[in-house]
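S.K.: based on what follows, work out the 3D shape:
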Amino acid sequence: MDMPVINECRVDACAYNTEHTCHALAITIGNSSHAECETFFKVETKGGDPTASGHVGACRMANCHHNVQFECQAPGIVVGYTQSDVDCLTYAPA
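M.R.: Numbers count the residues shown, from 1 in each chain. Modelled structure (predicted):
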């Protein structure tokens, strides 16, 4: 199974975001009730692998249309703000 790619990250403040590209090797989405990016955090320096694009490693949103056994089956996702929360904007309730 291929992990879905993060097509865009609109959260410039994230340590893994450089020019709207996520450089975390794999992120975790959700806390079973909210589709937030659990990997998001803010620091002054940027991290991750600058040559890699991020992927979805795990999704805990069992009620998402794209979720099969806690694995995301979407071809790709977008991460961004929902009000002040950093969320998977591709999340689609089943």
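
S.K.: can we go C-alpha only for contacts and neighbour counts from here?
M.R.: Noted.

S.K.: which residues does residue 8 contact?
M.R.: If you count contacts by Cα atoms under 8 Å, 6 or more residues apart in numbering, residue 8 has them with 20, 21, 22, 77, 78, 79.

S.K.: longest single strand anywhere in this structure?
M.R.: strand 76-82 (DSSP state E).

S.K.: centre of the chain to the very next helix or strand once past that one, how far?
M.R.: Remark: after strand 76-82, the chain's next helix or strand is strand 85-88, criterion DSSP states H and E. Distance, stretch centre to chain centre, for strand 85-88: 8 Å (Cα atoms, centre = their mean, to the nearest Å).

S.K.: pull out the buried residues from strand 85-88.
M.R.: 86, 87, 88 (16 or more other Cα atoms under 10 Å).

S.K.: can you check stretch 73-90 too?
M.R.: Applying a neighbour-count criterion of 16+ other Cα under 10 Å, the buried positions in stretch 73-90 are 73, 77, 78, 79, 80, 86, 87, 88, 89, 90.

S.K.: pick out the most distant pair among those.
M.R.: Spatial extent of the buried residues of stretch 73-90 (Cα to Cα) is set by the pair 73 and 86 at 20.2 Å.

S.K.: and the longest strand of the chain, which strands flank it?
M.R.: Strand 76-82 has the following sheet partners, assigned by DSSP bridges: strand 5-9 (parallel), strand 85-88 (antiparallel).

S.K.: ok, residue 53 - contacts?
M.R.: 5, 6, 21, 22, 23, 24, 25.

S.K.: which among those gets closest to residue 50?
M.R.: residue 23 (5.9 Å).

S.K.: where does the prediction get shaky in this structure?
M.R.: Counting by pLDDT under 70, the chain contains low-confidence residues at 1.

S.K.: and the two most separated of the contacts of residue 53?
M.R.: Top of the distance list for the contacts of residue 53 (Cα to Cα): 21 and 25, 11.5 Å.

S.K.: what do the two both touch?
M.R.: Listed as contacting both residue 21 and residue 25 by Cα under 8 Å, 6+ apart are 53, 54.

S.K.: so which of these two has more stuff around it?
M.R.: More crowded of residue 21 and residue 25, by other Cα atoms under 10 Å: residue 21, with 20 against 16.
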